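The following block contains a protein sequence and its predicted model.
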Amino acid sequence: MGLKMKIREKKQKNTLTFAVRSGIIVLLLLVGGSAAWAEEEEITAVMANLVLQIGIILFVVRLGGMAVKKLGIPSVLGELLSGVIIGPYALGGIALPGFPNGIFPLNSASLAVSPELYSFATVASIILLFASGLETDFALFLKYSVAGGIVGIGGVVVSFFAGAGVGAVLLHRALMDPVCLFLGIMSTATSVGITARILSEQKKMDSPEGVTTLAAAVFDDVLGIILLAVVLGVVSALSGSSGGITAGQIGVIAGRAFGIWLGFTALGLVFSKQIASFLKFFRGSFDFSICALGIGLLLAGIFEKQGLAMIIGAYVTGLSLSGTDIAAVIEERIHGLYEFFVPMFFAVMGMMVNVGELMSGRVLFIGFVYTVAAILAKIIGCGLPTLALGFNTKGAFRIGTGMIPRGEVALIIAGIGITAGILDEQLFGVVIMMTLVTTLVAPPLLNMALRLPGRGTKKETRSGIAASMTWDFGTDEIADLVVDILLKDLKAEGFYVQMMNVDEGLSQARKGEMSLSIIEQEHIVTIETSQDHSGFVKAALYEVVLRLSDSMQDLKKSCDTESLKKEFAEAGVQFDPEMIKLITPNVVCAELKADDKPGVLREMVALLANSGKVHDWEQVYHDISEREKSMSTGLQYGIAMPHAKTEGVDSICVAIGIKKNGIDFGSIDGKPSTIFVMLASPKKSESPHIQFLASVSTVLRDESVRKDLLNAQASAEVAAIIRAVADKRK
């Protein structure tokens, strides 16, 4: 009996133990499942916030960029200020329904935005420096390494010690303190795009000052990247050392950082053709362009692992590929990524600015001193060495002011500094202030320097007498073709071609003492050079125009335009009913009065003006008339569709006119034209120009529709017939 009791007790104990264990296991599973579910829910919420933030940023930076460009300020400043406005220290931190801490809540003192959003900004900085490397002409860097090197080194050295010195004095730190080192390196950056635009406007691109400034800017970019590598190595050593480091240790660190940069750069340049051949294995231009960026990301990661900045690896990759035959293709193919990511980077940098700290007296004082030092450092550091290169004080001042604007690299380095905990919110605000002010003050200072009477060199130079030649090619398309072919020809002649400001059609070509500035503004092409080289320019352009003219003749011979026009008139296309909203009674005339082609065109343009979208009546008439001269828009079945893209309208507009007895309009079938549809679209913005023409042509091929239009007695009736056709096709 006792034994049975013991066995029963043991079974009960085991059962209880099993139950307890089972309960614990179930509880753990439930807790684990709940935790996993909660974690999944948290990730989903984080991702939802991230995509909302990115969507908002994309719109805000575009609006900010557009707003400042109207004031003649670079769009990058608008993007930066947009970030400040929507950041966690401003509107982004205001509580809203569903967002108790704001849409852009403050993450921490060292990283104001979320890690996810900052990750996007980091990728953007890599894309930005990869593109900068692609745009750097290394051959030009070597070619002008003497003059450009002397000016560039002077500017970098003086700017570095000026920035670091301000930090040491005002912050009471040692010169080799990481904070001072970062203030120094951020002071060295130069953004030459603004300078190039001003030199072009003042017709000084080919002047001794202009050529020297642009050459120095190329050198300055490379020097800045090298110095950043060295500073990051020193900062890394200082942060891992309990005490200070000796000059010998600094030399070893600098040598290692420089060695890594130089080693990878040398390997990249030596094996650039092999790298390009490997990328071409992916065949499609989009494929190998993305893979090229992939190499940039890989090298960025390797450099970061070695204690250097990721952007240095990205720059080295771009620089290595800059001399290959696929560089231009890669640059074009990644342009969409650039436009998506890079403005976001500037916005995120702006969002990290503590507006309250920025407005404090201490930040304003330090920012003022640091900015003045940064301006003077470039004027002195870049200008003073030029006195030994044949320039006088005027020339030195012009070159120095041309190197003042700071740009993207300074902001990237500032971002690295604040996330690494080296810079605080106040010093980050100081750097933002310096970047903004130097970019804003440079244009008026440089304009003033360029207007000073007298030459900038001690002796008269061969390029001192400037020649400016201008050609009007009639259309933007022809001007684009001429410039593209000319630049290719110049490269074939051994010129170093540099695209200084693609958006404004500004390029620079140099070979020995010969310097050309090519400016394309819509259909006008201007080339500036010295008087001695004007003959070469005219000969080069003559060859381009001659070849282009021959190509046009070959195109006309191989392509029957009359047949194409007939095929267009007979082809069908899906009609978009939404386009019919452009046709209202006030742009319709049921009985045109004119009896000849010019009269009909003028009467139709007057109808277009009723839309309220025409701001230059004569310009619209001129452009449509010119289009008619190249080939009549008279089709068949009595239909004529005069049209043009013009700067005389604000947006796409259409007019319809009826001439019951018809006029000679040069139609395909030789019959009089009775139904006229005139279309005008803006030149510089997207509009469904061709789509509208094709759609209306399809509708008017219906004989019953044409008959109804010719029988209509009033404008409202004509518009109603067109609307009825559109309703049937919905």
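Right, received. Where do you want to start?

Going by C-alpha atoms from here, please, whenever you check contacts or count neighbours.
Noted.

excluding its backbone neighbours, what's nearest residue 640?
residue 634 (4.1 Å; CA to CA, 6 or more residues apart in numbering).

for residue 477, same thing?
Closest to residue 477 by CA to CA, 6+ apart is residue 523, at 7.6 Å.

For the residue nearest to residue 640, which residues are in contact?
Applying CA atoms under 8 Å, 6 or more residues apart in numbering, we find residue 634 in contact with 640, 641, 642, 665, 666, 667, 668, 673.

Show me the two of these that sit farthest apart.
Greatest spatial distance in those: 642 and 668, 13.9 Å, computed using CA to CA.

all strands of the stretch 551-700 of the chain, in order?
Assigned by DSSP state E, counting those that start in this stretch, the strands in the stretch 551-700 of the chain fall at 588-589, 639-640, 643-646, 653-663, 673-682.

residues making contact with the fourth one?
With contacts defined as CA under 8 Å, 6+ apart, strand 653-663 is touched by 582-583, 587-593, 595-597, 604-605, 607-608, 611, 613, 638, 672-681, 709-710.

May I have that strand as PDB, with CA atoms only?
Taking Å, rounded to 0.1, in the frame of the first residue of the first chain, the C-alpha atoms of strand 653-663 are listed here in PDB:
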ATOM      1  CA  CYS A 653      -3.700  75.600 -75.600                       C
ATOM      2  CA  VAL A 654      -5.800  74.800 -78.700                       C
ATOM      3  CA  ALA A 655      -8.100  76.600 -81.100                       C
ATOM      4  CA  ILE A 656     -10.500  75.400 -83.800                       C
ATOM      5  CA  GLY A 657     -11.600  77.300 -86.800                       C
ATOM      6  CA  ILE A 658     -14.000  76.400 -89.700                       C
ATOM      7  CA  LYS A 659     -13.700  77.900 -93.200                       C
ATOM      8  CA  LYS A 660     -16.700  76.400 -95.100                       C
ATOM      9  CA  ASN A 661     -15.500  77.300 -98.600                       C
ATOM     10  CA  GLY A 662     -11.900  76.400 -97.800                       C
ATOM     11  CA  ILE A 663      -8.500  77.900 -98.700                       C
END
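
That one vs strand 673-682, what angle?
Following axes from the mean of the first three to the mean of the last three CA atoms, to 10 degrees, one obtains 160 degrees for the angle between strand 653-663 and strand 673-682.

Which of the three states applies to residue 176?
Here residue 176 is recorded as coil under DSSP: H, G, I helix; E, B strand; the rest coil.

And for residue 525?
When classified by three-state DSSP, residue 525 comes out as strand.

just to revisit the earlier point, show the pLDDT at the residue nearest to residue 640.
With respect to pLDDT, residue 634 scores 85.

what does residue 2 give?
Here the pLDDT value assigned to residue 2 is 42.

And residue 10, by the same measure?
Reading off the model, residue 10 has pLDDT 45.

For the helix or strand hosting residue 490, which outside residues touch it?
Using DSSP states H and E, residue 490 sits in helix 476-492. With CA under 8 Å, 6+ apart as the contact definition, helix 476-492 has outside contacts at 473, 496-497, 509, 520, 522-525, 540-541, 544-545, 548.

Buried residues in that helix, which are they?
Residues 476, 478, 479, 480, 482, 483, 485, 486, 487, 489, 490 are the ones in helix 476-492 that count as buried (16 or more other CA atoms under 10 Å).

a helix runs through residue 276, doesn't it?
Yes. The assignment for residue 276 by three-state DSSP puts it in a helix.

you'd agree it is up against residue 321?
Yes. Counting by CA atoms under 8 Å, residue 321 is a contact partner of residue 276 at 7.3 Å.

Contact partners for residue 583?
Per CA under 8 Å, 6+ apart, neighbours of residue 583: 654, 655, 656, 719.

Show me which of those are buried.
Buried subset of the contacts of residue 583 (neighbour count, 16+ other CA under 10 Å): 654, 655, 656, 719.

Tell me the one among those nearest to residue 97.
Residue 97 has its nearest neighbour among the buried ones among the contacts of residue 583 in residue 654, at 45.1 Å by CA to CA.

Centroid-nearest residue for the chain?
In the chain, the residue lying closest to the centroid (CA atoms, centre = their mean) is residue 339, at 5.5 Å.

And that residue, which helix or strand is it part of?
In the assignment (DSSP H and E), residue 339 maps to helix 335-351.

next structured bit after that helix?
helix 355-358.

Would you mark the buried spots in the helix or strand following that following helix?
Next in sequence after helix 355-358, counting helices and strands by DSSP H and E, comes helix 361-383. Residues of helix 361-383 classed as buried by neighbour count (16+ other CA under 10 Å): 363-364, 366-383.

Next: stretch 104-111.
Quick answer for stretch 104-111 (16+ other CA under 10 Å): 104, 105, 106, 110, 111.

so who does residue 325 touch?
For residue 325, the contact set (CA under 8 Å, 6+ apart) comprises residue 276.

Same check on residue 300?
Residue 300 is in contact with 126, 309, 310, 311, 312, 313, 314, counting by CA under 8 Å, 6+ apart.

Please give the element, helix or strand, for it.
Residue 300 belongs to helix 285-305, assigned by DSSP H and E.

Quick one: mean pLDDT over that helix.
The average pLDDT within helix 285-305 is 89.

Among the buried ones among the contacts of residue 583, which one lies nearest to residue 160?
Out of the buried ones among the contacts of residue 583, the member with the shortest distance to residue 160 (by CA to CA) is residue 654, at 60.3 Å.

Just grab the bridge partners of that closest one for me.
residue 679 (DSSP bridges).

looking at this, residue 455 is in a strand?
No. Residue 455 is assigned coil when assessed by three-state DSSP, not a strand.

And the pLDDT for it?
So, for residue 455, pLDDT stands at 77.

Roughly how far does it sit from residue 492?
Residue 455 sits 33 Å away from residue 492, taking CA to CA, to the nearest Å as the criterion.

what's the answer for residue 392, then?
Residue 392 is 35 Å from residue 492, by CA to CA.

Can you list the low-confidence ranges for the stretch 401-550 of the chain?
Along the stretch 401-550 of the chain, the parts satisfying pLDDT under 70 run over 407, 460-466, 496-505, 512-513.
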